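Enquirer: can you look at this prediction? I've put the sequence above it.
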Amino acid sequence: MALEMRARCERCETAALPPGGPARVCSYECTFCEACAAVLGQVCPNCGGELVPRPRRAVPAAAATGRVGIIGVGEIGRALVDGLCAGAGEPPEILLSPRGSRTSAELAGRYPNVRVCADNQDVVDGSDVVVLAVRPQDRTEALAGLRVGGDRVVVSLMAGVGIDELRRTLGSGVPLVRAIPLPAVRERRSVTVTYPAHPVVDALFDGLGGALPVADEADFGVLSALTGTLTSHYGYLATLTAWAARQGVPAEAADRYVRGLFQGVARSLGDDSRSLHQLAGDHETPNGINERIRTTWFDSANAESLTEALDALLADLRRSG
């Protein structure tokens with residue numbers, strides 16, 4: 001007998017759980033979203049059994065989303081196209097705006113299901129899901145006069161632009177969803193935060209590594225601020241590599257070692273049975289070299305400085321939204 005793929009979380013009753021997306025189940029098929037399962041301590045409140053990851057069912061992107069239009073084909077737009085076209089099964093038809101014409105033309109030449117439209121309205125008219133991937137400061141020009149109606153769903157990737165502001169700009173009652181995809185959607189390995197939950201949008205991002213719908217826009221803003229730390233991580237790795245090179249290690253060898261070192265860390269993050277503090281402890285020995293660097297460099301003052309920077313960023317995102 002096939003596993004019953006229940007479509008909604010039994011605890012919050014709002015999170016959509018498409019067959020290809022993440023969910024937690026007990027042996028009796030009680031089904032919960034990842035956020036609620038974490039609150040429950042991975043224990044089913046009905047039977048007391050363990051909540052484990054539900055197997056994902058393959059859903060072709062074309063069937064899940066229909067035609068996808070992307071307005072603004074920068075780095076994230078390109079990554080979305082690559083990810084949608086690289087998966088198993090038939091990819092959706094993808095319509096691109098002429099904005100970023102060189103990139104759009106390159107993608108249309110590479111993938112037979114991708115074409116470049118005459119203008120942004122042409123993208124909207126031909127799409128079931130419209131992705132707004134323009135820079136926030138360019139939104140007035142890109143969205144001016146755009147008519148969005150019918151059964152379309154609009155997905156905004158614009159940081160700091162809230163649902164209410166976007167609805168005023170578009171003057172439309174169609175469903176609006178905010179999302180934070182990262183470049184790793186290209187490899188279909190990025191968890192994408194969405195608000196509010198929408199079955200079509202969550203199915204789209206489930207096929208690109210997973211959707212993480214959140215309950216309110218305030219939570220979305222907090223997770224959006226966290227994405228602002230991504231390039232600092234790369235800067236940290238570059239600093240380690242440069243330090244090793246100054247000590248006489250060939251730059252190529254230093255780069256290779258640092259990459260390998262932190263690829264291993266990334267793999268350990270896939271073990272969600274251990275907290276981040278537990279993972280840190282597993283990599284330390286008392287009075288060892290890892291503990292020394294952590295306590296002398298990333299001390300309470302540095303942690304507070306990072307917290308203050310995130311607080312300031314979140315305040316700016318809330319003001320602009």
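Expert: Sure, I can see it.
Enquirer: can you map out the strands along the stretch 151-300 of the chain?
Expert: 153-156, 176-180, 192-195, 211-213 (DSSP state E, counting those that start in this stretch).
Enquirer: and among these, the most buried is which?
Expert: The highest mean neighbour count among the strands of the stretch 151-300 of the chain, using mean count of other CB atoms under 10 Å, belongs to strand 211-213: a mean of 27. Backbone N, C-alpha and C define where each C-beta goes, glycine included.
Enquirer: within its sheet, name the partner strands of that strand and how each one runs.
Expert: Strand 211-213 has the following strand partners under DSSP bridges: strand 192-195 (parallel).
Enquirer: could I have the CA atoms of the strand it pairs with written out in CSV?
Expert: Listed next in CSV are the C-alpha coordinates belonging to strand 192-195 (Å, rounded to 0.1, in the frame of the first residue of the first chain):
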residue,chain,number,x,y,z
THR,A,192,14.1,28.5,-0.3
VAL,A,193,12.1,30.4,2.3
THR,A,194,8.6,31.4,1.1
TYR,A,195,5.8,33.5,2.5
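Enquirer: how close does Glu26 get to Ala16?
Expert: Small correction: residue 26 is Cys, not Glu. Cys26 sits at a distance of 20 Å from Ala16 (criterion: CB to CB, to the nearest Å).
Enquirer: can you map out the helices along this protein?
Expert: For the chain, applying DSSP state H gives helices covering 34-39, 61-65, 75-86, 101-110, 120-125, 139-143, 163-170, 199-206, 217-226, 230-246, 251-268, 276-282, 289-296, 300-320.
Enquirer: out of those, which gets nearest to Pro183?
Expert: helix 75-86 (4.9 Å; CB to CB).
Enquirer: okay, the helices of the chain, which one's buried deepest?
Expert: The highest average neighbour count among the helices of the chain, using mean count of other CB under 10 Å, belongs to helix 199-206 at a mean of 25.
Enquirer: mean pLDDT and distance to Arg186 added to the helices of the chain, as a markdown table?
Expert: Output for the helices of the chain, formatted as a markdown table (pLDDT from 0 to 100; distance: least, CB to CB, whole Å):
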| stretch | mean pLDDT | distance to Arg186 |
| --- | --- | --- |
| helix 34-39 | 87 | 23 |
| helix 61-65 | 55 | 14 |
| helix 75-86 | 92 | 4 |
| helix 101-110 | 90 | 12 |
| helix 120-125 | 95 | 21 |
| helix 139-143 | 88 | 23 |
| helix 163-170 | 92 | 25 |
| helix 199-206 | 89 | 13 |
| helix 217-226 | 94 | 20 |
| helix 230-246 | 96 | 15 |
| helix 251-268 | 91 | 16 |
| helix 276-282 | 88 | 26 |
| helix 289-296 | 92 | 32 |
| helix 300-320 | 92 | 25 |
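Enquirer: thanks again, I'm all set now.
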